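Visitor: okay, structure incoming, though there's no sequence with it:
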């Protein structure tokens, strides 16, 4: 339909019932013919359109999945990839779904609900992103797996519990006899996802829909879950449609990749092909969006003064003690233990680790938001008890948090949000001067979009809900920078953002560091972000810093086995 | 309506809608030069979250019209003295103008025999006032809430007729007047009770939720103890000890009415205080008081606002029930509960219970419709429809 579509390799026209042969290039026709001459595909989706309340989110897409094929559906948030997968099993509510999805000769979109129920969980099953919410917390894992077996295969309870144990064992859960009686909250994130996979594969489906199956997991677990899926796929010969935004996973896992943007398929083809020779500009942008260092890394001058030093930093959380003792005192959970580091001016110290490693706690302690013991000096001062004495320090250390949707108060306008720091630290400023400073801060973080000043002033009276995730993160940066701090604590600043936007925000942060000589304490689980941003790296595991050193050295030749595992998982 | 507003606000800048960011802009020098002229004059305001909620509320027609109807009824009842009064609004008698609505005049003023305040329902006075050159402007319903018509033609309670449009109660007071004044008392009492209860609930909930820890623990235990006191028996005991009055009722009911709301506000505060925007405010050095008032309170008001109409109807019902039991307002105060109790005692005087019942149902129904609309307007999940 659109020129971009024709340019893409095997994209079909959106209306697509019968591709008009004459209108397509010779190469395209050839590829099309090749794709259709094999055995009939397991799933053939034609002209799929999905709209919510008149707003079309999937705008006529065609794709197929051959039996035993591993296909990845890639795109950024809002591209319609998850809705596409859900609509195949008609799991989307309040949506108008049009088109065809022919599975083994039957149209999934028009068959009766009863017939579809027969297919769900049996021939087609699904894995969801967040295993904690996808499993019912009131039933044991074993009961949930057995439910599928008894419902779909009519097994007797005795048999089904044996099969459930075997399935769990197949997914690599240790002690499956014991775990089968565990409730979801008693399992770790990786184990929960394994249990979900066991459930989904209980009836040996021909097609598995996996919606971001590893996104909620730590990096070291991601590879394991992916390998598990791949091995099951090889054993059972089922087809897998994996929905993801993570190109590393696609490269490792998929035979074929389908790229979606704004409800349209812009490109599809063999994974190696697409990665080697991306045709569509959007695909190219996705592939190029790996975080990159802006310009050559400047080696830190050896004698740079440290803006922040920590020695033996220790943070504990109180936890309730069991029994009578708990009435009188608390137990301690040590979140950070014996952390030593220093942050030189104009440099970035990256803190790397998995969830629960204590890296976010470290950030809060450095910001003076959590009580800590040990010696922590920020620009030569330490955090005190009284708010007034801390105020001068707060001016030096600011923070940008992870979630752009909760980091801005939804009921304040942009002017109030960004100008808040001024009202605390420069209360004498006139309204006009304050507004000018806010506008300047917005321009500094690139909110002006190359537009006029009037356009930027227009933003002042807007509310956070009107901005996209990347823009919100820019607003959060502007809020922190408006009082000219010297240290910025970045707690996973880009992990909630789409990859292309992540790259832009990282470039912005690097530019600000260059221009203003800012020091960053960058907390992230993403090795690529560390590689692009950090001068020094700390690796944290279970509250301890297990390894630290200059970024280039540490990333090239990691010493600690945990660092090696992290780096291996991310590559 | 709301959709179009939202869309238009998103089109500018265009990238907000597409979810993509602008490319990194021009070098800072060039950018700064653009702002030398200073910010433009007052920028156009985009709808605030509160305003968008109001627009959503308006889209619920039932709720919106209920609000209009309720506000009209309350305004009318506030002007009850002009609508239903046993004194004329204005009297012209022998060339002099009198204002009986604000001033007492002795009967002698109008040619009567006694030095007492004039009873304008007295046929003799009426006759004097209708003589040539004299006139009197009566309220549409010529009875006040306490007016006893000593010149009634029928025994009490009298059925609806020309003299009393809705009939009289068993003491001969006009039912319509009773209802108008009773409605006013109920609504004003409910407003006051809702206000104090909400204020107490928000303050206590905010303290518990913001400070958490031991403060929260102590307060929660206190609420558990306080909440287990038998409210009704305390009311009965107090009404025996003290002279019954609306103020006493208000205090007693307020003392027990804040707890439910307090829990909601506490939960909202506990949730919101650990969100990143509060952390960012702390990192900026914003004071506790500022964090509570600027960041937490506005974002924790959803349950408070949603419950307002339901609390109002609860308060009206509470007053009515207490009056029905005879534990409520002092005797002589117009009250819907007392009318209901009269209706029960005079079951054949159907107009008493029927009219009171209708007024109560209408009031509660309007409040419920408003509450439903408010709940929809503040429900974030319905926001995008």
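Guide: Looks like it came in fine. Here the structure is a predicted model, which means the values were calculated and not measured. Residues are numbered from 1 along each chain as shown, chains lettered A, B, ... in the order given.
Visitor: give me the number of residues near residue A:384?
Guide: 11 (other Cβ atoms under 10 Å in any protein chain shown). From N, CA and C alone the C-beta is placed, and that goes for glycine too.
Visitor: the residue nearest to it when sequence neighbours are not counted: neighbour count?
Guide: Take residue A:384 and drop its neighbours on the chain: the residue closest to it by Cβ to Cβ, 6 or more residues apart in numbering or on different chains is residue A:390, 5.8 Å away. Number of residues near residue A:390 (other Cβ under 10 Å) recorded here: 19.
Visitor: let me see the contact set for residue A:390.
Guide: A:368, A:383, A:384, B:285 (Cβ atoms under 8 Å, 6 or more residues apart in numbering or on different chains).
Visitor: distance of it from residue A:382?
Guide: 10 Å (Cβ to Cβ, to the nearest Å).
Visitor: just the strands in the stretch 301-450 of chain A please.
Guide: For the stretch 301-450 of chain A, applying DSSP state E, counting those that start in this stretch gives strands covering A:306-320, A:330-344, A:348-352, A:373-378, A:397-400.
Visitor: Provide the strand pairings for the first one, with the direction of each partner.
Guide: Each strand pairing with strand A:306-320, determined using DSSP bridges, is listed with its direction: strand A:330-344 (antiparallel), strand A:373-378 (antiparallel).
Visitor: pick the most buried one from the ones you listed.
Guide: When you average the neighbours per residue for each of those (mean count of other Cβ atoms under 10 Å in any protein chain shown), strand A:330-344 leads with a mean of 18.
Visitor: and that strand, average pLDDT?
Guide: The pLDDT scores in strand A:330-344 average 88.
Visitor: swap in stretch A:524-540?
Guide: Per-residue scores along stretch A:524-540 average to 90.
Visitor: got it, and stretch B:201-212?
Guide: Mean predicted confidence for stretch B:201-212 is 93.
Visitor: how far does that stretch sit from the chain's center?
Guide: The chain centroid and the centroid of stretch B:201-212 are separated by 25 Å under Cα atoms, centre = their mean, to the nearest Å.
Visitor: ramachandran angles for residue 113?
Guide: Here I'm looking at chain A. Taking degrees, to the nearest 10, you get phi -60, psi -40 for the backbone angles of residue A:113.
Visitor: switch to chain B, please.
Guide: Dihedral angles for residue B:113 - degrees, to the nearest 10 - are phi -100, psi -30.
Visitor: so what's the residue count around it?
Guide: 8.
Visitor: please name the nearest non-neighbouring residue to it.
Guide: residue B:107 (6.8 Å).
Visitor: for the stretch 201-350 of chain B, what spans make up the helices?
Guide: B:213-227, B:231-241, B:246-257, B:259-272, B:276-284, B:288-290, B:297-300, B:302-325, B:336-345, B:350-378 (DSSP state H, counting those that start in this stretch).
Visitor: repeat that for the stretch 401-550 of chain A.
Guide: Under DSSP H, counting those that start in this stretch, the stretch 401-550 of chain A gives helices at A:414-418, A:420-425, A:431-444, A:453-459, A:469-481, A:499-516, A:527-533.
Visitor: out of the ones you listed, which one sits most buried?
Guide: Taking mean count of other Cβ under 10 Å, helix A:469-481 is the most buried of these, at a mean of 25.
Visitor: and it with helix B:276-284, angle?
Guide: 20 degrees (axes from the mean of the first three to the mean of the last three Cα atoms, to 10 degrees).
Visitor: which strands and helices lie in contact with helix A:469-481?
Guide: On a contact count with 3 or more Cβ pairs under 8 Å, 6 or more residues apart in numbering or on different chains; DSSP states H and E, helix A:469-481 meets strand A:397-400, helix A:414-418, helix A:420-425, helix A:431-444, helix A:499-516, helix B:276-284.
Visitor: ranges for the helices of the stretch 101-250 of chain A?
Guide: A:113-119, A:131-134, A:141-153, A:157-170, A:176-179, A:189-200, A:219-236, A:247-253.
Visitor: which positions in the second one come out as buried?
Guide: Of the residues in helix A:131-134, those buried under the neighbour-count criterion (16 or more other Cβ atoms under 10 Å in any protein chain shown) are A:131, A:134.
Visitor: got the contact list for stretch B:59-73?
Guide: Under Cβ under 8 Å, 6+ apart, the answer for stretch B:59-73 is B:1-2, B:57-58, B:183, B:363, B:365-367, B:369-370, B:372-374, B:376-377.
Visitor: buried ones among these?
Guide: B:2, B:57, B:183, B:363, B:366-367, B:369-370, B:372-374, B:376-377.
Visitor: need the contact list for the residue in the stretch 101-250 of chain A that chain B sits nearest to.
Guide: Nearest to chain B, among the residues of the stretch 101-250 of chain A, is residue A:245, at 12.8 Å (Cβ to the nearest Cβ). When contacts are counted by Cβ under 8 Å, 6+ apart, residue A:245 is found next to A:74, A:75, A:76, A:77, A:212, A:215, A:498, A:499.
Visitor: related to what we said a few turns ago, can you lay out the helices and strands packed on helix A:469-481 as JSON lines showing mean pLDDT?
Guide: As requested, these are arranged in JSON lines below (pLDDT from 0 to 100):
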{"stretch": "strand A:397-400", "mean pLDDT": "93"}
{"stretch": "helix A:414-418", "mean pLDDT": "91"}
{"stretch": "helix A:420-425", "mean pLDDT": "91"}
{"stretch": "helix A:431-444", "mean pLDDT": "90"}
{"stretch": "helix A:499-516", "mean pLDDT": "89"}
{"stretch": "helix B:276-284", "mean pLDDT": "91"}
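Visitor: hang on, the earlier thing: could you dump the strands of the stretch 301-450 of chain A into CSV and include distance to residue A:486?
Guide: Putting the strands of the stretch 301-450 of chain A into CSV (distance: least, Cβ to Cβ, whole Å) gives the following:
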stretch, distance to residue A:486
strand A:306-320, 6
strand A:330-344, 10
strand A:348-352, 13
strand A:373-378, 9
strand A:397-400, 8
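Visitor: okay, and the beta partners of the nearest residue to residue B:104 once chain neighbours are set aside?
Guide: Nearest residue to residue B:104 in three dimensions, chain neighbours excluded: residue B:117, at 4.7 Å (Cβ to Cβ, 6+ apart). Beta bridges link residue B:117 to residue B:106, judged by DSSP bridges.
Visitor: next one: residue B:117 from chain A, what distance?
Guide: 56 Å (Cβ to the nearest Cβ, to the nearest Å).
Visitor: my guess is that residue contacts residue B:106, does it?
Guide: Yes. Look at residue B:117 against residue B:106 with Cβ atoms under 8 Å: they come within range, at 6.7 Å.
Visitor: near chain A, which residues of the stretch 151-300 of chain B?
Guide: For the stretch 151-300 of chain B, the residues in contact with chain A (Cβ under 8 Å from any Cβ of the partner chain) are B:275-277, B:279-288, B:290, B:294-295, B:298-299.
Visitor: repeat the analysis, applying 10 Å as the threshold.
Guide: When proximity is defined as Cβ under 10 Å from any Cβ of the partner chain, the stretch 151-300 of chain B approaches chain A at B:213, B:272, B:274-288, B:290, B:294-299.
Visitor: overlap in contacts, residue A:390 and residue A:382.
Guide: The contact sets of residue A:390 and residue A:382 overlap at residue A:368 (Cβ atoms under 10 Å, 6 or more residues apart in numbering or on different chains).
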